[in-house]
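> pasting the structure only:
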């Protein structure tokens, strides 16, 4: 009962996150065009592709997590941690990637919305992690464990090589016109991917191969995040190709679509092995006694 009282407030967090992610997508250039980003037309087209995933995948996942929280299911944590990490990743970029001295826009007026979504994202991640850390998660079948580890390594190395190549090009030649139009976006994506997302994926893959208990818990979060990020990259690539952007890459589009489909399939397989029966919300005291 004490744990229920302590976490009752949290049940609204993924609900607010889902509604906020949907609102940001609707208010942006994808639909209402009320949020005008301070970026080039090419970069804004990429944002529109990503917002499709925010609206039709990330927001519904967060709302599903909220619905499951009311029934106190472990499944709610597995649903929620991916959208939470996605919100932190995406809306940090939306705030910091603008060229505020170059392009007209009003994105700064929506800073409170983006900041709220970042905070709600962290809150969802922390609450979900508390449940995943304390609950007895089922053991991943060997085939599923190796598949997830393999995809995390493959995607990490692929994007690390791709980003290293673009960085080398900038240092050697000064970069493409797209880079010169939005250098803040270019560097922010590479810092977040090379400094956070890719290392987390490789470390988790190593843990999965060694059958480390913590790696299964982290895996639930990373597979949700990678499904959303791969989908967002695919949406951006498709949008660029549809608009005949000179920077469009058919290879990136195919790779990201395959990656999104693979991670989505792995995510569904991991969700299916979670026991469907409601489970009690563990107390903070219980989680403290069961460290990651």
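Thanks, I have it. This is a predicted model, so every value here is computed, not measured.
> Quick check: residue 65 vs residue 51, distance?
20 Å (C-beta to C-beta, to the nearest Å). Quick note: C-beta positions are derived from backbone N, CA and C, even for glycine.
> Also residue 211?
38 Å.
> again with residue 147
In terms of C-beta to C-beta, residue 147 sits 29 Å off from residue 51.
> Have a look at the two and say which one is more surrounded.
residue 51 (27 against 17; other C-beta atoms under 10 Å).
> Which stretches in the stretch 151-292 of the chain count as helices?
177-181, 183-192, 198-209, 213-242, 250-272, 284-288 (DSSP state H, counting those that start in this stretch).
> What confidence value was assigned to the residue nearest to residue 220 when sequence neighbours are not counted?
Distances taken as C-beta to C-beta, 6 or more residues apart in numbering place residue 78 nearest to residue 220, at 4.8 Å, with adjacent residues excluded. On pLDDT, residue 78 comes in at 92.
> Run the angle between whichever strand or helix holds residue 78 and helix 213-242 for me.
Per DSSP states H and E, residue 78 falls inside helix 74-96. Angle of helix 74-96 versus helix 213-242, following axes from the mean of the first three to the mean of the last three C-alpha atoms, to 10 degrees, is 50 degrees.
> just checking, what packs against helix 74-96?
helix 13-27, helix 59-69, helix 111-134, helix 183-192, helix 213-242, helix 250-272 (3 or more C-beta pairs under 8 Å, 6 or more residues apart in numbering; DSSP states H and E).
> if I read this right, residue 214 contacts residue 207, doesn't it?
Yes. Between residue 214 and residue 207 there is a contact under C-beta atoms under 8 Å: 6.3 Å.
> out of the two, which sits in the busier spot?
Using other C-beta under 10 Å as the criterion, residue 214 and residue 207 rank with residue 207 on top: 18 against 13.
> Name the nearest residue to that one, sequence neighbours excluded.
residue 215 (3.0 Å).
> what does residue 43 give?
residue 182 (4.6 Å).
> State the number of residues packed around that neighbour.
For residue 182, using other C-beta under 10 Å, the count is 24.
> Next: the one 10 residues further on.
The criterion is other C-beta under 10 Å. On that basis, residue 192 has 17 neighbouring residues.
> quick one, what contacts it?
Residue 192 makes contact with 89, 92-93, according to C-beta atoms under 8 Å, 6 or more residues apart in numbering.
> Mind giving me the ChimeraX select for the residues you listed, buried ones only?
Per 16 or more other C-beta atoms under 10 Å, the buried members of the contacts of residue 192 correspond to this ChimeraX selection:
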select :89,92,93
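> between the contacts of residue 192, which is nearest residue 116?
Among those, residue 92 lies closest to residue 116 (C-beta to C-beta), at 12.8 Å.
> Which residues are in contact with that closest one?
118, 188, 192.
> The first one: how many residues sit nearby?
Neighbours of residue 118 under the rule other C-beta under 10 Å: 19.
> Residue 35 against residue 23, yeah?
No. Here residue 35 does not reach residue 23: they are 10.0 Å apart, not a contact under C-beta under 8 Å.
> quick one, which of these two is more surrounded?
residue 35 (23 against 16).
> Tell me the spacing between residue 167 and residue 47.
Residue 167 is 22 Å from residue 47, by C-beta to C-beta.
> Who has more neighbours out of the two?
Neighbour count, other C-beta under 10 Å: between residue 167 and residue 47, residue 47 has more, with 25 against 15.
> List the contacts of the more buried one.
So residue 47 contacts 28-29, 37, 39, 94, 236 (C-beta under 8 Å, 6+ apart).
> Likewise for residue 22?
Per C-beta under 8 Å, 6+ apart, neighbours of residue 22: 54-55, 59.
> Can you tell me which of those residues are classed as buried?
The buried subset of the contacts of residue 22 - by 16+ other C-beta under 10 Å - is 54-55, 59.
> Point to the residue nearest the middle of this protein.
For the chain, the residue nearest the mean C-alpha position is residue 86 (2.5 Å; C-alpha atoms, centre = their mean).
> Report the contact partners of that residue.
Contacts of residue 86 (C-beta under 8 Å, 6+ apart): 54, 58, 121, 224-225, 228-229, 232.
> can I get these in CSV with pLDDT and distance to residue 108?
Formatted as CSV, the contacts of residue 86 follow (pLDDT from 0 to 100; distance: C-beta to C-beta, whole Å):
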residue, pLDDT, distance to residue 108
54, 97, 20
58, 97, 23
121, 97, 20
224, 95, 30
225, 96, 27
228, 96, 25
229, 95, 25
232, 94, 23
